[in-house]
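**Student:** Quick one, fold the following:
(one chain, ligands or ions: 1)
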Amino acid sequence: MNDLTNQVAVITGGGRGIGRSVAEKLAAQGARVVVTDIDEANARSVASTIEASGGAATPLRLDVSQSSAVTALMSHVEETFGRLDILVNNAGIAGTPVWVDQISDEDWTNMLNIHVNGSFYCLREAAKIMKKHRYGRIINFSSCAAVTGLAGMAHYAAAKYAIVGLTETAAKDLGAYNITVNALKPGVIRSALTEGFLDLAEGPLTEATPIRQIGEPADVAQMVAALVSPACGFVTGCSFIVDGGFHLVNKMDETMMKILPAGTGV
Ligand SMILES: NC(=O)c1ccc[n+]([C@@H]2O[C@H](COP(=O)([O-])OP(=O)(O)OC[C@H]3O[C@@H](n4cnc5c(N)ncnc54)[C@H](O)[C@@H]3O)[C@@H](O)[C@H]2O)c1
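**Tutor:** Numbering: from 1, shown residues only. Next up is the predicted model:
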C-alpha cells in the first residue's frame, strides 16, 4: 500500500460521493486530509468517520467558486500544517440537462464558476505552497463529457473540457517544481450527482459497458491514490478515463452483437 504518512491533502467537495471516497482512501494511506465542502455538515461527518477509524481529518467549509475563500483556506492550511502535498479538485455540480439554446446566462456562469474558476483558484493557491517545498500532486476532475460531449449538458461539458486545458498547461508551468498535474475523466459513477440518471438507465448502461458494471466512487478514488503514489511521479499533464470502457461503445457495436455468435463477449 502507498504510504502517505506526513503528507497533507486538500480535497474539495469531500463531503459526499467521489470526494468522500477520495478523502477516506488518502486518509487510510496515512495522509492528513482536509475535507472541504460547501456543505459543512457533510464535511464534518466525513472527517468524523475518518477520525473514528484512526485517520487524521480536518473539516472546513469551502465554496470553491469564491476566490477569497479559497485563498483564506489555503493560507490556513499552510499555517496549520506547514505544507500541502496533494490537491484533489473534485467539487462539482451536474446542473440541469437543457438544450444548448436554452441555457441561461446564470446557469452557464454558475457552472463555469464552480468547475473552472473553482479548480483554477484552488490550483493557483495550492501551487504557491507546493512550489516552496518543490513537491506536489494535483488531480483535477474533468469528465467523460469532455471526451465526446454530452447531450443537454453543454455548460457542464464546456467546463470539463476547460479543466483539461488547465491541467495540461499547469503541468508545463509547475513541472520544474516536481509538481504533477493530471485529470480524471470518470464515466457514470454511482453518486447523488447521477442518481436520477441511473434510475432511468442503470440496466442498459451496465449491459453496454465493457466491464459490465456501474462505476463506484471507490473506483475513482483508487485512480487518485495511484496518481499520488511514487509509481506515477513521472506522469503529468494526462487525463485518465475511468469508465469501465464505456467511451469505446458506439452504435456499430449493437449491430455487431447481432451478427456475432451467441455468447461471444459474455
Ligand atoms: N458521478 C459521476 O458520474 C461523475 C462523472 C464524471 C465526473 N464527475 C465529477 O466528479 C466530481 C464529484 O462528483 P460526485 O459524483 O461525487 O458528485 P456529488 O454531487 O456526490 O458530490 C459533489 C460534492 O461537491 C460539493 N460542491 C458542489 N458545489 C460546490 C462548491 N461550489 N464548492 C465546494 N463544494 C461544492 C457538493 O456539496 C458535494 O459534496 C464532480 O466534479 C463531477 O463533475 C462525476
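**Student:** list the helices and strands the helix or strand that residue 181 is a member of packs on?
**Tutor:** When secondary structure is defined using DSSP states H and E, the element that contains residue 181 is strand 179-186. Helices and strands in packing contact with strand 179-186 are listed as helix 118-133, strand 136-141, helix 154-174, helix 217-227, strand 239-242; criterion 3 or more Cβ pairs under 8 Å, 6 or more residues apart in numbering; DSSP states H and E. From N, CA and C alone the C-beta is placed, and that goes for glycine too.
**Student:** Go ahead and name everything in contact with that strand.
**Tutor:** Residues external to strand 179-186 that are found in contact with it (Cβ atoms under 8 Å, 6 or more residues apart in numbering): 18, 123, 127, 130-131, 135-144, 146-147, 160, 163-164, 167, 170-171, 174, 215, 220, 223-224, 227, 232-233, 235-243.
**Student:** Of the residues you listed, grab the buried ones for ChimeraX.
**Tutor:** For selection in ChimeraX, the members of those meeting the burial criterion (16 or more other Cβ atoms under 10 Å) are listed in this command:
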select :18,123,127,130,135,136,137,138,139,140,141,142,143,144,146,147,160,163,164,167,170,171,174,215,220,223,224,227,232,236,237,238,239,240,241,242,243
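**Student:** For the ligand, what is the nearest residue in the stretch 51-200 of the chain?
**Tutor:** Nearest to the ligand in the stretch 51-200 of the chain, going by Cβ to the nearest ligand atom, is residue 92, at a distance of 2.5 Å.
**Student:** Can you read off the pLDDT for that residue?
**Tutor:** The predicted local distance difference test score for residue 92 is 98.
**Student:** which stretches of the stretch 1-150 of the chain form helices?
**Tutor:** For the stretch 1-150 of the chain, the helices defined by DSSP state H, counting those that start in this stretch occupy 17-28, 40-52, 67-81, 105-112, 118-133, 145-148.
**Student:** With distance to the ligand added, can I get those helices in JSON lines?
**Tutor:** Output for those, formatted as JSON lines (distance: least, Cβ to the nearest ligand atom, whole Å):
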{"stretch": "helix 17-28", "distance to the ligand": "2"}
{"stretch": "helix 40-52", "distance to the ligand": "6"}
{"stretch": "helix 67-81", "distance to the ligand": "9"}
{"stretch": "helix 105-112", "distance to the ligand": "9"}
{"stretch": "helix 118-133", "distance to the ligand": "6"}
{"stretch": "helix 145-148", "distance to the ligand": "7"}
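**Student:** Point out the most buried one among those helices.
**Tutor:** Scoring these by mean neighbour count under mean count of other Cβ atoms under 10 Å gives helix 17-28 as the most buried, with a mean of 26.
**Student:** So which elements touch that helix?
**Tutor:** Contact here means 3+ Cβ pairs under 8 Å, 6+ apart; on that basis helix 17-28 packs against strand 8-11, strand 32-37, helix 40-52, strand 56-61, strand 86-89, helix 217-227.
**Student:** the inter-axis angle of it versus strand 32-37?
**Tutor:** Using axes from the mean of the first three to the mean of the last three Cα atoms, to 10 degrees, one finds that helix 17-28 and strand 32-37 are set 160 degrees apart in direction.
**Student:** okay, helix 17-28 in PDB with CA atoms only?
**Tutor:** Coordinates of the C-alpha atoms in helix 17-28 are reproduced here as PDB (Å, rounded to 0.1, in the frame of the first residue of the first chain):
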ATOM      1  CA  GLY A  17     -19.700  10.900  -3.300                       C
ATOM      2  CA  ILE A  18     -16.400  10.600  -5.100                       C
ATOM      3  CA  GLY A  19     -14.800  13.300  -2.900                       C
ATOM      4  CA  ARG A  20     -15.700  11.400   0.200                       C
ATOM      5  CA  SER A  21     -14.300   8.200  -1.100                       C
ATOM      6  CA  VAL A  22     -11.000  10.000  -2.100                       C
ATOM      7  CA  ALA A  23     -10.700  11.500   1.400                       C
ATOM      8  CA  GLU A  24     -11.200   8.200   3.100                       C
ATOM      9  CA  LYS A  25      -8.700   6.500   0.700                       C
ATOM     10  CA  LEU A  26      -6.000   9.000   1.200                       C
ATOM     11  CA  ALA A  27      -6.500   9.100   5.000                       C
ATOM     12  CA  ALA A  28      -6.300   5.300   5.100                       C
END
